[in-house]
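Asker: Starting from these lines, generate the structure:
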Amino acid sequence: ATSDALGHLVLELTKDKHAHYLESIREKLCNDETRMAMTSTFPSVAPLFKTFDPANSSDPATVATSTNEVKEAFTDFINCICKCLECPLIWFLDDLQWSDETSLDLLKDVLSNIDLDNMLFIGAYRCNEVSDET
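Answerer: A predicted model of the protein is given here:
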């Protein structure tokens, strides 16, 4: 779900009408560690990075990235997006009951970041769609 949401965000931000946001985001997303962690974990975000070159990009399977590096990069990435937008980022994730533990940990880390401004997160969970054992 997180990967799909990021893909939709990238599609929206790379439209011509958002060129001013895209340039601002690319200026702030110049950290190679963030770029590598984000593009190896979420390949759909690669167009948001200034150094993106599809011909020279690393195969995500070959980039070793720790969970902590991904969490830190993801938090930096979301912070950057939120700071560059003139209006709040509204992030809606549906069917959280099907999320794996790693994804939920990632969300928890981002959403508990006290430096995060300009974002509204809405999550939907259907308790009747999971058993008591999960």
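
Asker: And the helices in this structure, which stretches?
Answerer: Applying DSSP state H to the chain gives helices spanning 2-13, 19-28, 32-41, 67-84, 101-111.

Asker: Let's have those in TSV, adding mean neighbour count.
Answerer: Just so you know, the C-beta spots here come from the backbone N, C-alpha and C atoms, and that holds for glycine as well. Shown next, in TSV, are the helices of the chain (neighbours: other C-beta atoms under 10 Å):
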stretch	mean neighbour count
helix 2-13	15
helix 19-28	15
helix 32-41	19
helix 67-84	18
helix 101-111	15
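
Asker: Tabulate those helices (a markdown table), appending distance to F49 and mean pLDDT.
Answerer: Listed next are those as a markdown table, based on distance: least, C-beta to C-beta, whole Å; pLDDT from 0 to 100:
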| stretch | distance to F49 | mean pLDDT |
| --- | --- | --- |
| helix 2-13 | 10 | 89 |
| helix 19-28 | 7 | 88 |
| helix 32-41 | 5 | 86 |
| helix 67-84 | 10 | 89 |
| helix 101-111 | 19 | 90 |
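
Asker: what's the closest of these to N128?
Answerer: helix 101-111 (19.0 Å; C-beta to C-beta).

Asker: For the closest one, give me every contacting residue.
Answerer: By C-beta atoms under 8 Å, 6 or more residues apart in numbering, the surrounding residues in contact with helix 101-111 are 1-2, 67, 70-71, 74-75, 78, 93, 96, 99, 116, 121, 123.
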